[in-house]
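*Asks:* sequence first, then the predicted structure, then my questions.
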Amino acid sequence: MKTKPTLLSILSELPKLTLDPKIHQVNLIPNGINIHFIDSKYQEKFEEYAKGKNKQIKLINYGQAAINLTFYEKHKYKIEKDPIPEEVFEALLKRCDDLNEFINQGYLFEDNQRNERQTQAKEQLLKIQHTIDNFHNYEFAISNYYRNFIYWYVSFRYRLEDGSLDFASQHLLNSEKDRFGKTTLPKINIIFIDTDYISVHTPYQNKKIEEYLKQFETQLDLGLRDIFVKEKITSQ
């Protein structure tokens, strides 16, 4: 019985494309995100996995081979304006326990950096304890707004069977790391590239604008802009 190849084994057998913003229709590729650019002629090798979900490997654009790519960040956050008081109280108590544990840890050697962190922890503990002692005097909100949860996305255009273009976007998987920055769960993004068009500049499409501009007989190049010219229709 033939064993079904894994996504990693398929990926390891295929050549990985390198895209250059100076040559190809792509902006700066984000650092720290594991991206494999694969020639779309190999897409059929991934067919069995196209509809399934894999927590470590994402097929970003199966069946939609990109002719250009734009990577961008989004700041995602949540805010809870009226949290349940009991949950807030429990969270504050838990934070106190964690801070006390850190402050009371014994170390053979002390250093300035650890002393500074301990001082900060003690100051934070005092603030939290004061809040607990005067809990009923306060209103609360909970949010990760200042925690810099930044997510990477990619938008791309691809060709339909009739030759027209369509647009899509997807979020990218980010490898999981521990508090020291070491990768604990690597994640891979696979982006299929239409190698026939990724180097060709493709103007943006807006059907209404295109239909309007088609009325003009002549297009004059002014560098950053064009002037479109047509004869006036004069009434007899």
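*Replies:* Perfect, thanks for sending it.
*Asks:* does residue 135 touch residue 86 like I think?
*Replies:* No: judged on Cβ atoms under 8 Å, residue 135 makes no contact with residue 86 at a distance of 10.5 Å. From N, CA and C alone the C-beta is placed, and that goes for glycine too.
*Asks:* and these two? Which one has more around it.
*Replies:* Legend: neighbour count by other Cβ atoms under 10 Å for residue 135 and residue 86, higher for residue 135 (13 against 8).
*Asks:* select the longest helix from the chain.
*Replies:* Counting by DSSP state H, the longest helix found in the chain is helix 112-133.
*Asks:* that helix: which residues count as buried?
*Replies:* Applying a neighbour-count criterion of 16 or more other Cβ atoms under 10 Å, one finds 118, 121, 125, 128, 131 buried in helix 112-133.
*Asks:* closest to residue 221 among these?
*Replies:* Checking these against residue 221 with Cβ to Cβ, the nearest one is residue 121 at 64.0 Å.
*Asks:* so how far is residue 96 from the residue nearest to residue 153 when sequence neighbours are not counted?
*Replies:* Spatial nearest neighbour of residue 153, excluding adjacent residues (Cβ to Cβ, 6 or more residues apart in numbering): residue 171 at 5.1 Å. Look at residue 171 and residue 96: by Cβ to Cβ, to the nearest Å, they are 36 Å apart.
*Asks:* for the one helix or strand in the chain whose mean pLDDT sits lowest, output the C-alpha coordinates as PDB.
*Replies:* Scoring the helices and strands of the chain by mean pLDDT, DSSP states H and E places helix 207-213 at the bottom, with a mean of 74. The C-alpha trace of helix 207-213 is given here as PDB (Å, rounded to 0.1, in the frame of the first residue of the first chain):
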ATOM      1  CA  LYS A 207     -14.200  48.300 -14.900                       C
ATOM      2  CA  LYS A 208     -16.000  51.600 -14.600                       C
ATOM      3  CA  ILE A 209     -12.800  53.700 -15.100                       C
ATOM      4  CA  GLU A 210     -11.600  51.400 -17.900                       C
ATOM      5  CA  GLU A 211     -14.900  51.800 -19.800                       C
ATOM      6  CA  TYR A 212     -14.800  55.500 -19.400                       C
ATOM      7  CA  LEU A 213     -11.200  55.800 -20.600                       C
END
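*Asks:* thank you, goodbye.
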